[in-house]
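Engineer: All I have is the shape, not the residue letters:
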C-alpha cells in the first residue's frame, strides 16, 4: 500500500501571548491523517519563515532553536525508517507515541488468531468437531494471505483492523480466492470471532465489525425424489465397492445422519425405543447435540447386511465407511450409472431425509428438527423444502373443508 509522509513545523497562531510569541507544533501526516506534538518552544510570529519551516535570523538562540527542530525532524524520519524496515503499518499516531516514549507492546492480529486456533485444537473431540478447527485454520490462512497481498506485511496490529480491512478481506475472498458469497461470509464471520476476542480483552477500543453486515444468501439445496431413490435402490452395480457406497448413502437418506455421524456410528448408538422399535441415539459431531432417530426398515436392512462385513465385524463401528473424499467420488459415479443428473454429494442424503423421506410424508418439522439434531427450526428450514405434491395434498384437504362449510351455510 503506497504511503504519503510529511513532517511540518508551524506556530499555533490562535495561541499568541501578549508579546507576540506562539507555541511551535510539529505536525506528522501519513496518508492524509495527522498527529500533532508541541515541541515546548515559542517563536515570535514576525520571525517565522513559513516556507522553510524555520525561524529567521542568525542569533545564537535562533540557531539553537532551528538545530533543535532539525534534530526532532531527524528523529521522526528515523522512527519512520525503523517501522518501514520492520514492515509494520505506519501511522502518524504511532510515530508520535514512539517519539514521546509511549510505546507499548501491541497485540498482533495473526498471533491472536494462532493462539485461538491452538486452544480450539486442544478441545477437538471435547467441545469442538474436527471440521471446526479446519475452518478456522483456513480462515487464518486467508487473512494472512490478504495481509501479505494488500499491505505487503507478515502481520498487523489488531488495532489497525477497521471497516476498510474487513470489506477488503471480503472482496479478496470473492475475487482472488474465487469463494462463493456464502463461503466468503463464513470466513469473515470466523475472523469476526478473533476481533471480538480482542475487543473483550481491551486490546482494541472499538469493534470494527459494528457497521459490517454479512448476510448469507438462501441456497436452493438439491435432494433426491422418491423415484430417484427407488432407481438407486434397484440399480445393480458392477463392483462391491460401489454397491457398498450406495448402501451407506441410502442409509443416510433414511436416517438423516451426516457423514461424520455415519462413520462413527457404533453398536452402542442403537437402542430399544419407547415404542419397542430400534432407534439411533447419537451425539452429533458438528453441534454436540442429541439426535434421536427411529430406524426405518430400509436403514435397518442395510445395517443387517453389513453386520458381518470384515471392516466392521472386529470393531465397534456398524458400517464400512470410506473417506469423505472417496465416498463423494463414488457417489457421483453411482449417480451417472443411475441416470441422475444432480450433483450428488454425501450431504445431499441429509437433505433428502429432511425433504423427501419425512416432510413430504407429513412428518411435522419439529419432529424432523429433533431427528436432525438441530438447535432451532430455522436451521431445519434451510434443509427442508415442502414438495409441490405435499402442498397439493394440503390444499386438497383445505378445499374439502371450505366446500363443506359453504354447503352447510347454504343448506
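Structural biologist: Good, I have the coordinates. Model, not experiment: these values are computed from the prediction.
Engineer: Which SSE is immediately downstream of the strand ranked longest in the chain?
Structural biologist: Of all the elements of type strand in the chain, the one with the most residues (DSSP state E) is strand 33-44. Once the chain leaves strand 33-44, the next helix or strand it forms, by DSSP states H and E, is strand 48-49.
Engineer: just checking, what packs against the helix or strand just after that following strand?
Structural biologist: Moving toward the C-terminus from strand 48-49, the next helix or strand (DSSP H and E) is strand 54-55. The criterion is 3 or more CB pairs under 8 Å, 6 or more residues apart in numbering; DSSP states H and E, and the helices and strands that strand 54-55 contacts are helix 60-85. Yep, even glycine has a C-beta here, placed from its N, CA and C like the rest.
Engineer: circling back to that earlier point, can you name the residues in contact with the longest strand of the chain?
Structural biologist: 9, 11, 17, 19-28, 55, 65, 68-69, 72, 91-93, 95-96, 99-100 (CB atoms under 8 Å, 6 or more residues apart in numbering).
Engineer: Which ones among the residues you listed map onto strands?
Structural biologist: Filtering the contacts of strand 33-44 for strands - DSSP E - leaves 9, 11, 21, 22, 23, 24, 25, 26, 27, 28, 55.
Engineer: Buried ones among those?
Structural biologist: Neighbour counting by 16 or more other CB atoms under 10 Å classes 9, 11, 21, 22, 23, 24, 25, 26, 28, 55 among the ones in strands among the contacts of strand 33-44 as buried.
Engineer: Name the nearest residue to the fourth one, sequence neighbours excluded.
Structural biologist: Translated: residue 22. Distances taken as CB to CB, 6 or more residues apart in numbering place residue 11 nearest to residue 22, at 3.8 Å, with adjacent residues excluded.
Engineer: The residue nearest to residue 233 when sequence neighbours are not counted: what's it in contact with?
Structural biologist: In this structure, residue 233 finds its nearest non-sequential neighbour in residue 250, 6.6 Å apart by CB to CB, 6+ apart. Contacts for residue 250 (CB under 8 Å, 6+ apart) come out as 229, 232, 233, 298, 302, 349.
Engineer: What pLDDT is listed against residue 250?
Structural biologist: Looking at residue 250, its pLDDT reads 96.
Engineer: Can you point out the buried residues in whichever strand or helix holds it?
Structural biologist: For residue 250, the host element (DSSP H and E) is helix 240-253. For helix 240-253, the neighbour count (16+ other CB under 10 Å) marks 242, 243, 244, 245, 246, 247, 248, 249, 250, 251, 252, 253 as buried.
Engineer: Using the record's assignment, carve this structure into domains.
Structural biologist: 5-99, 109-200, 226-392 (automatic domain parsing).
Engineer: what's the first-to-last distance across the last one?
Structural biologist: Taking CA to CA, to the nearest Å as the measure, domain 226-392 stretches 16 Å from start to finish.
Engineer: related to what we said a few turns ago, can you tell me which helices and strands whichever helix or strand comes after the helix holding residue 250 packs against?
Structural biologist: Sequence-wise, the next helix or strand downstream of helix 240-253 (DSSP H and E) is helix 259-264. Identification of packing neighbours for helix 259-264 by 3+ CB pairs under 8 Å, 6+ apart yields helix 240-253.
Engineer: distance between the helix it packs on and the chain's centre?
Structural biologist: Centroid displacement of helix 240-253 relative to its chain, using CA atoms, centre = their mean, to the nearest Å, is 32 Å.
Engineer: can you check stretch 341-355 too?
Structural biologist: Counting by CA atoms, centre = their mean, stretch 341-355 is centred 24 Å from the centre of its parent chain.
Engineer: Chain neighbours aside, what residue packs nearest to residue 31?
Structural biologist: In space, residue 31 is closest to residue 4, 5.6 Å off (CB to CB, 6+ apart).
Engineer: Tell me which residues touch that neighbour, please.
Structural biologist: By CB under 8 Å, 6+ apart, the neighbours of residue 4 are 29, 30, 31, 32.
Engineer: out of those residues, which are buried?
Structural biologist: Buried members of the contacts of residue 4, scored by 16+ other CB under 10 Å, are residue 30.
Engineer: circling back to that earlier point, okay if I get the contacts of residue 250 as a markdown table plus distance to residue 79?
Structural biologist: Compiled in a markdown table, those are given as follows (distance: CB to CB, whole Å):
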| residue | distance to residue 79 |
| --- | --- |
| 229 | 70 |
| 232 | 69 |
| 233 | 73 |
| 298 | 73 |
| 302 | 70 |
| 349 | 61 |
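Engineer: So how do I select the buried members of these in ChimeraX?
Structural biologist: A single ChimeraX command is used to select the members of the contacts of residue 250 judged buried by 16+ other CB under 10 Å:
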select :229,232,298,302,349
